[in-house]
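Novice: Show me how the following folds:
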Amino acid sequence: MRLILLLSVMVMASMISQPQYAAQDSAGASAPAVLLGFEREGGILHFDVVSTGCTQAKHFMLQFNESEASANVRSATLLRVKPDRCRRKPMKIRISLDVSAELLDAATLTLTNAFAAKPTASTSES
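Specialist: Numbers count the residues shown, from 1 in each chain. Model (predicted):
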C-alpha cells in the first residue's frame, strides 16, 4: 500500500515540476507558444522556443489579431499547431517565419505570447 502511495506521489510531482511550453489544449486546438526570445529582421520574424527534439518552423503559425489592429500597431500571436512529442531534454531553438512586408510596414508589432522569465532549456548550439 505504501509503495502505491509513494509511486502516485512521485508521478504527480514529476508532472507538476515539468514546464509546459504550449502544445495543444485538451480539445486539440492550437495553443499560444511560450517564447524565450524574439527578433525582427525586415519581413522575417525569429522566435526562440523550447523544443524536445522534433520542433520545426512549419509547426507554428502567426495569427494576426484583426480586432486589435490600428493604423500604427499590429497585434499577433505565435501558435503551435503541432505539438513536439519527442522526449529529448528541452532545448532552445530558433524558428524563422517570413511575413509579408505589407503586414509589417509602418506598424509596431506587439506579441500576445507569454515570455519565459528564465529559460531552463539549453540552446541547440551547446
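Novice: where are the low-confidence patches of the chain?
Specialist: 1-29, 67-71, 102-103, 106, 117-126 (pLDDT under 70).
Novice: where do the helices sit along it?
Specialist: For the chain, the helices defined by DSSP state H occupy 2-17, 101-104.
Novice: For this structure, which segments are assigned as strands?
Specialist: Taking DSSP state E as the criterion, the chain carries its strands at 31-32, 37-41, 44-51, 60-64, 73-80, 91-98, 108-111, 122-123.
Novice: Let me have the ones you listed in JSON lines, extended by mean neighbour count.
Specialist: Placement of C-beta: from N, CA and C, glycine included. Conversion of these to JSON lines gives the following (neighbours: other Cβ atoms under 10 Å):
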{"stretch": "strand 31-32", "mean neighbour count": "16"}
{"stretch": "strand 37-41", "mean neighbour count": "12"}
{"stretch": "strand 44-51", "mean neighbour count": "19"}
{"stretch": "strand 60-64", "mean neighbour count": "15"}
{"stretch": "strand 73-80", "mean neighbour count": "18"}
{"stretch": "strand 91-98", "mean neighbour count": "16"}
{"stretch": "strand 108-111", "mean neighbour count": "14"}
{"stretch": "strand 122-123", "mean neighbour count": "12"}
